[in-house]
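> can't give you the sequence, but here's the structure:
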């Protein structure tokens with residue numbers, strides 16, 4: 001039996017409203033509660049951090065090129081590559097190697113810090129003002145580069161940023177796990193792909209400055 005014209009109009013409008021309501025409900029329940037502690041964005045999660053513009057998202061079962069001691073040893077998962085390197089998974093350097101493929105490697109270990117000759121300090125209680133002035137002097141010092149098995153002086157009286165640029169401006173590290181080391185005063189400097197890191201204990205490193213694709217440090 002044919003419906004009246006106005007009845008057909010009501011049926012079409014009702015169907016449209018139902019579709020809109022279903023889409024809105026899906027968006028609401030799919031988004032989740034932003035205050036829910038279980039709803040954590042991927043960027044806030046721990047573990048390895050890679051540039052997604054450079055490489056796709058990693059999965060635990062995905063194999064990538066594994067380097068041990070700077071040598072390619074075959075394809076392996078992150079866990080397997082970390083085991084071959086004898087390090088924890090989270091300490092691996094992950095990025096693109098010279099072939100443009102995703103790769104993982106452990107960093108070249110830092111060299112022994114240079115041994116300095118003991119300095120004899122003569123107490124001078126008659127000049128406390130001069131001692132205070134020396135303590136407040138700018139933190140400039142020696143800048144050194146590790147070459148082969150020895151430390152070589154690059155310059156003295158240099159600030160940290162000046163030392164980093166003297167050591168690494170124009171030099172890029174391309175292979176994951178490769179590193180170049182330097183020293184500024186009592187700090188160890190390490191050039192790795194796309195950044196320079198610094199350590200006060202010659203073991204634990206943090207990022208000091210990012211390096212652009214032209215191997216320069218625009219923020220220093």
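Noted; the coordinates are in hand. This structure is a prediction, so every number in the text was calculated from the model and none was measured.
> can you pull the contacts of residue 183?
Going by Cβ atoms under 8 Å, 6 or more residues apart in numbering, residue 183 touches 113-114, 142-144, 146, 151, 189. In this view, the C-beta of every residue, glycine as well, is placed from N, C-alpha and C.
> let me see the ranges of the helices in this protein.
5-31, 78-85, 128-135, 160-168 (DSSP state H).
> buried stuff in the longest strand belonging to the chain?
Criterion DSSP state E: the longest strand present in the chain is strand 150-158. Across strand 150-158, burial judged by 16 or more other Cβ atoms under 10 Å covers 151, 154, 158.
> got a list of contacts for that strand?
Residues contacting strand 150-158 (Cβ under 8 Å, 6+ apart): 111, 114, 140-146, 163, 166-167, 182-184.
> distance of the spatially closest residue to residue 198 that is not a sequence neighbour relative to residue 177?
Closest residue in space to residue 198, ignoring its immediate chain neighbours: residue 208 at 4.2 Å, by Cβ to Cβ, 6 or more residues apart in numbering. For residue 208, the distance to residue 177 equals 19 Å [Cβ to Cβ, to the nearest Å].
> what about those two, which has more around it?
Legend: neighbour count by other Cβ atoms under 10 Å for residue 208 and residue 177, higher for residue 177 (25 against 19).
> the closest residue to that one other than its chain neighbours pairs with what?
Counting by Cβ to Cβ, 6+ apart, residue 177 lies nearest to residue 105, which is 2.7 Å off, once chain neighbours are set aside. Beta-bridge pairing of residue 105 under DSSP bridges involves residue 67, residue 93.
> mind listing what residue 146 touches?
111, 152, 180-183.
> and which of those is nearest residue 94?
Taking Cβ to Cβ as the measure, residue 94 sits nearest to residue 180 out of those, at 19.0 Å.
> you'd agree residue 167 is up against residue 160?
No - look at residue 167 against residue 160 with Cβ atoms under 8 Å: they stay out of range, at 10.7 Å.
> neighbour count winner among these two?
residue 167 (23 against 19).
> list the residues that contact the more buried one.
Contacts of residue 167 (Cβ under 8 Å, 6+ apart): 143, 145, 154, 180, 182, 189, 191.
> quick one: pLDDT of it?
pLDDT recorded at residue 167 is 97.
> identify the bridge partners of the closest residue to residue 114 other than its chain neighbours.
Excluding the flanking residues, the one nearest residue 114 by Cβ to Cβ, 6+ apart is residue 151, at 4.3 Å. Beta bridges link residue 151 to residue 146, judged by DSSP bridges.
> separation between residue 151 and residue 182?
The value you get for residue 151 to residue 182, if Cβ to Cβ is used, is 9 Å.
> who touches both of those two?
Common neighbours of residue 151 and residue 182 (Cβ under 8 Å, 6+ apart) are 144-145.
> report the buried residues of stretch 202-220.
Going by neighbour count (16+ other Cβ under 10 Å), the buried part of stretch 202-220 is 202, 205, 208-209, 211, 217, 220.
> can these go into a markdown table with extra columns for distance to residue 100 and pLDDT?
Output for those, formatted as a markdown table (distance: Cβ to Cβ, whole Å; pLDDT from 0 to 100):
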| residue | distance to residue 100 | pLDDT |
| --- | --- | --- |
| 202 | 33 | 91 |
| 205 | 26 | 91 |
| 208 | 27 | 96 |
| 209 | 25 | 96 |
| 211 | 19 | 95 |
| 217 | 25 | 96 |
| 220 | 29 | 93 |
